[in-house]
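1. Please work out how this folds:
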Amino acid sequence: MPAGHEGPDVVELDTPDALLVVSINQSYPRLGAYDAARYAWRVSPSRASQVQYVLATKDRTVVAVFEPTEWRPATRANFPGYERELRGRLGFVGHPAGGDAAARYLGKQLPPGFRFSGNGYRYAGSLGD
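-> Numbering: from 1, shown residues only. Now for the predicted structure:
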């Protein structure tokens, strides 16, 4: 990059934080970031329970950061308002992350070599694969 020209900040994924990075390209902004990010991922319950932050991305930019407090099976009973039940998938209940977590991740670009799995998510940080 030429001197004096700054590019977008790149999110640091080599971190001790346990991250789940999700692509919400298909449903955001039709759904708000929280509703688009929380439902329904084909993640393992044991790995999901370790996630500290969910980074919701749109077009490779982190548009929201959430702190999940609970992971539940993706059913209408657990997530009223969602039309489809998706067996074998989980969703989370949580809240927007603030403070340091938001400052570290929000508004930053995914690294150039970062690729999602076929399911639209990828673990990173201390959970990276």
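
2. Tell me where the model's unsure across this protein.
-> Applying pLDDT under 70 to the chain picks out residues 1-7, 129.

3. cutoff 50 now
-> 1-5 (pLDDT under 50).

4. can you pull out the strands in it?
-> For the chain, the strands defined by DSSP state E cover 18-23, 53-58, 61-73, 90-96, 121-125.

5. For the longest one, list every residue counted as buried.
-> Neighbour counts over strand 61-73 (16 or more other Cβ atoms under 10 Å) mark 62-68, 71-73 as buried. (C-beta placed from N, C-alpha, C; glycine too.)

6. For that strand, what is the distance to the chain centroid?
-> 6 Å (Cα atoms, centre = their mean, to the nearest Å).

7. got it, and the second one?
-> Averaged C-alpha coordinates place strand 53-58 at 3 Å from its chain's average position (Cα atoms, centre = their mean).

8. For stretch 16-34, buried residues please.
-> Those would be 17-24, 28, 33-34, for stretch 16-34 by 16+ other Cβ under 10 Å.

9. List the contacts of stretch 46-57.
-> Stretch 46-57 is contacted from outside by 11, 17-25, 28, 33, 36-38, 41, 62-68, 71, 90, 92, 94, 97, 101, 105, 110, 123-125, 127, using Cβ atoms under 8 Å, 6 or more residues apart in numbering.

10. end-to-end on it?
-> End-to-end span of stretch 46-57 (Cα to Cα, to the nearest Å): 23 Å.

11. Number the residues from 34 up from this point.
-> I'll keep to 34 as the first residue from here, and by that count the last item is stretch 79-90.

12. what about Ala69, distance to Val95?
-> Going from Ala69 to Val95 by Cβ to Cβ, to the nearest Å gives 13 Å.

13. Then Pro113?
-> Pro113 is 28 Å from Val95, by Cβ to Cβ.
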